[in-house]
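>>> Can you look at this prediction? I've put the sequence above it.
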Amino acid sequence: MRKKTTSTLVLASVVALGAQAAPAAAATTTWTVVNPDANGGFTATAPGLTVQSGSRTLFTCAGSVTIQGSIASKSNSDVALGGGTVGWTPECTGADGSTWAGILSVSAGPNTFRASAYNASTGVTTLNHSAPASFPVWTWVRTDSDGTCWFIATSVAATYTNATSVLKTTTAKVYVPPTANGVPNCVGQVTDGATLTHTASFKVTPAIKITAVTS
């Protein structure tokens, strides 16, 4: 009887240890996008855009800045929500009187809006608009200097608010090629690897709704 009791206790201990060792199921976040456009298209327009390096304003685009692309309706765990297919700015002006132009650089490679967080109480999604490796999201060129200063934004941080349908950009990580037209590039203007202030508020149409549930 003692031997049977001992065996039973050992078996119970093994079962208990196995239960303790079982890994907890990983939480899954499901991202849901509702876009009234059946083809997933959108247009985002901002009344202006400003790029700063620290407290110094590099340039301000005072006219309409536009992004067009696709963010299709979906409900899955993929954080990639869609991307821009075309984008442009009016002529932009620096504090020193310099002139600049920007273009959403989709011809160089794909760019994607990737979600990283969702606040259910405010309806705000945190996003990063980025491209693979050193591909550009935006390309900025100084147009009054024979192209001797140009740089690319490889990722742009942003938020999207459901209640207002506003995509608000905040900062951009930049890559500055070492030379432009055979001379050192952007000397004293932009530093490679810097994070610049990149502010604009884009009104998105149609009104897209983005939500997330973690289970």
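Sure thing, it's come through. Numbers count the residues shown, from 1 in each chain.

>>> From here on, just use CA atoms for contacts and neighbour counts.
Will do.

>>> Residue 114 and residue 71 touch, don't they?
No: counting by C-alpha atoms under 8 Å, residue 114 stays clear of residue 71, with 10.9 Å between them.

>>> Now do the shared contacts for the two.
When contacts are counted by C-alpha atoms under 8 Å, 6 or more residues apart in numbering, residue 114 and residue 71 are jointly contacted by 81-82.

>>> List the buried residues for stretch 174-193?
174-176, 180, 185-186, 190-191 (16 or more other C-alpha atoms under 10 Å).

>>> Residue 89: which of those residues is nearest?
Of all the buried residues of stretch 174-193, residue 174 has the smallest distance to residue 89: 17.8 Å, by C-alpha to C-alpha.

>>> quick one, what contacts residue 176?
By C-alpha under 8 Å, 6+ apart, the contact list for residue 176 reads 150-152, 185-186, 190-193.

>>> If we use 6 Å, what do you get?
151, 192 (C-alpha atoms under 6 Å, 6 or more residues apart in numbering).

>>> separation between it and residue 57?
Distance, residue 176 to residue 57, using C-alpha to C-alpha, to the nearest Å: 17 Å.

>>> now the end-to-end length of stretch 181-192.
Per C-alpha to C-alpha, the first residue of stretch 181-192 is 17 Å away from its last.

>>> For residue 33, give the beta-bridge partners.
Note on residue 33: beta-bridge partners by DSSP bridges are residue 74, residue 210.

>>> Sketch out the low-pLDDT regions of this protein for me.
In the predicted model, the chain carries pLDDT under 70 at residues 1-25, 105-109, 133-134, 146-147.

>>> those helices in it, which residues are they?
Using DSSP state H, the helices of the chain run over 2-21.

>>> Tell me which residues touch the residue most central in space within it, please.
In the chain, the centroid-proximal residue (C-alpha atoms, centre = their mean) is residue 128; its distance is 1.6 Å. By C-alpha under 6 Å, 6+ apart, residue 128 lies in contact with 113-114, 156-158.

>>> which one of those residues is nearest residue 99?
Of all those, the one sitting nearest residue 99 is residue 156; the distance, using C-alpha to C-alpha, is 21.8 Å.

>>> out of everything not next to it in sequence, what's closest to the residue nearest to the centre of the chain?
Counting by C-alpha to C-alpha, 6 or more residues apart in numbering, residue 128 lies nearest to residue 157, which is 4.6 Å off, once chain neighbours are set aside.

>>> Also residue 69?
Nearest non-adjacent residue to residue 69, counting by C-alpha to C-alpha, 6+ apart: residue 84, 4.0 Å away.
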